[in-house]
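1. I need the structure of the sequence given here:
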Amino acid sequence: CGEDNSLLVSSNQAKLISDINKFLGLQKHSFDMPFYRPGVQLCMLCIILYNLCVYKELRTVWNSFRALMEIPRSNHTIMEENRFKTISRPRLALMLIAHAVRFSLAWALLISGVQWLARTTSIVDLILNAVALAGILEIDEFLFVAMVPTKVQMAIQKLEPIKVTYKKTHSERESVIHGIFLLCAILLPWFLLLEPLSLEMLEVKHQMCDGIQNFVIAYNAEVQMAVGYVTTNELKNEIETLPEFAVDSFKHKSEMDMPKYFNMLRSKYEFEGARIRSMGEEAEYFPFCWQTEVLHPNGSFWNHENMTKIMQSRLNTIAYKYEMPENSTCDDFLPLCDRPDARLLRLSCGDTCGCSDPLSSPWWKVTMTGCGDFCLWARKEKMRRETECQDLATAQSNQSWHAFWDSYVDVIIAYYGSDRFEFANYTTGVVDNMKRYGCSYLQTLPYDPVTSSRWCDGLEDLFSPLSYLCPESCGCRETLSLKCPLSCALNTTNATSTTNSYGYSR
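-> Numbers count the residues shown, from 1 in each chain. Down below sits the predicted model:
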């Protein structure tokens, strides 16, 4: 409706609205029928001119018919000194049939041509259609000049004019007929075709552009429900998407060059897999932690040419997304790690974002939100082997506990939406009590009232278990599991056995 030139899938609708605005003389956001309508006036002018062209053809047929009827009839056609002296009755009948066909075709072209012009909504197409219709009326002249032998053409040109009787009252009757024809040529198309067309075009614009436009609706076939979302009113005409920017940056390079903003895969199979892979699958795809193995000097792929280029393309992509310089490093992206949409950042800079830190905030420390599977494996191993079996044993764990609850409301809203709180058994006292009483409040409220997940077990799509911050309150001294530190073993023998039973291995 705003005639945005950057539209891709709605270009036909945008062109239709643009044609309507130009045809009716409307502003982009105007819905009132104006008095002056450029397209209607131009269309009316084309119709009048076309009517005159057809009327000229009809008058030619009529005058030819009158002249034909002035020729005396006999059994034979006789011509003397380039003029008809008599015409045979069969030839006369043939000429009358030809005149009738010519007269019928002219009327058919008049009616269909006017309807065609009156249904043309584009001003440019209107001019072209009018010229095309005028050319159709000249087809007989073109055929005569191009196909009839020269001898016949010369003979026809030498024919003497036929005298036609012209009465005094004929001029007055002819003028009246001309006036009526011109009046009908103006009024009938205007009221029967152009005025309804204008109202129909205005209704189309009402249906497509009037009222609220900045919303989208999608249907979830799995749950058989439709959902909607109010979008922004701001148009970003000058901002390129990442695929567009990536293409522009690589289109003049050779196959030997490495792209800056995407990874060039080796086969169609790899391409299709990477195109549809989910973030959880991507986090489990590579058997190493990217930042640890590629960017650290002690990593297995330090200075590895291909891996370094892939890692750099990911960092360039992150920098483009957050409008930062191309040479930005993981340390520069640190303030962005806890953003809900920073999945690629957590996957690429797992160490910086705490994916391998056993005492970092549990938010986003799952594969579904970007943390690499092997980064999380290293984090779990450190948690199990290095964490004490004591609630909030260190200052860092206490800091992570408070950071978790400080972000609770914002994270839930970002991930689920604000309406999740409206229908859940949640009160503001949940966060306050967790921060006030610490881990012991997990025994009072063991389940999240919003997500229905058990705090100590974590949520696969959103946060890691809190049992490593609160092993005592989560019952790790009574029942040791994969989500508990090994230091919670009741005795050394039990600790050894549980390590063999529950230890993480690759």
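
2. List the single closest residue to T369 in space, sequence neighbours excluded.
-> R343 (5.9 Å; CB to CB, 6 or more residues apart in numbering). Backbone N, C-alpha and C define where each C-beta goes, glycine included.

3. An error on my part: the question was meant for K435.
-> Nearest non-adjacent residue to K435, counting by CB to CB, 6+ apart: W405, 5.1 Å away.

4. and the helix or strand hosting the one you found, how far from the chain's centre?
-> Here W405 is covered by helix 395-406, with elements defined by DSSP states H and E. Shown here is helix 395-406, whose average C-alpha point lies 43 Å from the average C-alpha point of the whole chain (CA atoms, centre = their mean, to the nearest Å).

5. who does the helix or strand just after that helix touch, helix- and strand-wise?
-> The C-terminal neighbour of helix 395-406 among helices and strands, as given by DSSP H and E, is helix 408-416. Here helix 408-416 is seen to pack against helix 419-423, helix 429-437 when contacts are counted using 3 or more CB pairs under 8 Å, 6 or more residues apart in numbering; DSSP states H and E.

6. Mind putting those helices into JSON lines with mean neighbour count, distance to L199 and mean pLDDT?
-> Converted to JSON lines, the helices and strands packed on helix 408-416 look like this (neighbours: other CB atoms under 10 Å; distance: least, CB to CB, whole Å; pLDDT from 0 to 100):
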{"stretch": "helix 419-423", "mean neighbour count": "11", "distance to L199": "42", "mean pLDDT": "74"}
{"stretch": "helix 429-437", "mean neighbour count": "15", "distance to L199": "58", "mean pLDDT": "90"}
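
7. Would you verify that A218 is located in a strand?
-> Yes - secondary structure assignment places A218 in a strand (DSSP: H, G, I helix; E, B strand; the rest coil).

8. show me what contacts it?
-> With contact set as CB atoms under 8 Å, 6 or more residues apart in numbering, A218 has these partners: A226, V227, G228.

9. What's the local residue count around R384?
-> 23 (other CB atoms under 10 Å).

10. Could you report the pLDDT at the residue lying closest to it once chain neighbours are set aside?
-> On the basis of CB to CB, 6+ apart, the spatially nearest residue to R384 that is not a chain neighbour turns out to be L486, at 5.1 Å. On the pLDDT scale, L486 is placed at 86.

11. Not counting residues beside it along the chain, what's closest to S74?
-> Closest residue to S74 in three dimensions, ignoring its sequence neighbours and counting by CB to CB, 6+ apart: T86, at 4.0 Å.

12. how many neighbours does the one you found have?
-> Around T86 there are 16 other residues, counting by other CB under 10 Å.

13. Hmm, P72 and it touching each other?
-> Yes - between T86 and P72 a contact is recorded at 4.9 Å, counting by CB atoms under 8 Å.

14. Isn't N51 up against L110?
-> Yes - using CB under 8 Å, N51 and L110 qualify as a contacting pair, with a distance of 6.8 Å.

15. Can you give me the pLDDT of the residue nearest to S74?
-> Turning to T86, the model gives it a pLDDT of 86.

16. List the contacts of it.
-> Taking CB under 8 Å, 6+ apart as the contact definition, T86 lies against I71, P72, R73, S74, H76, T77, I78.

17. out of the residues you listed, which are inside strands?
-> When the contacts of T86 are checked against strands (DSSP state E), the matches are R73, S74, I78.
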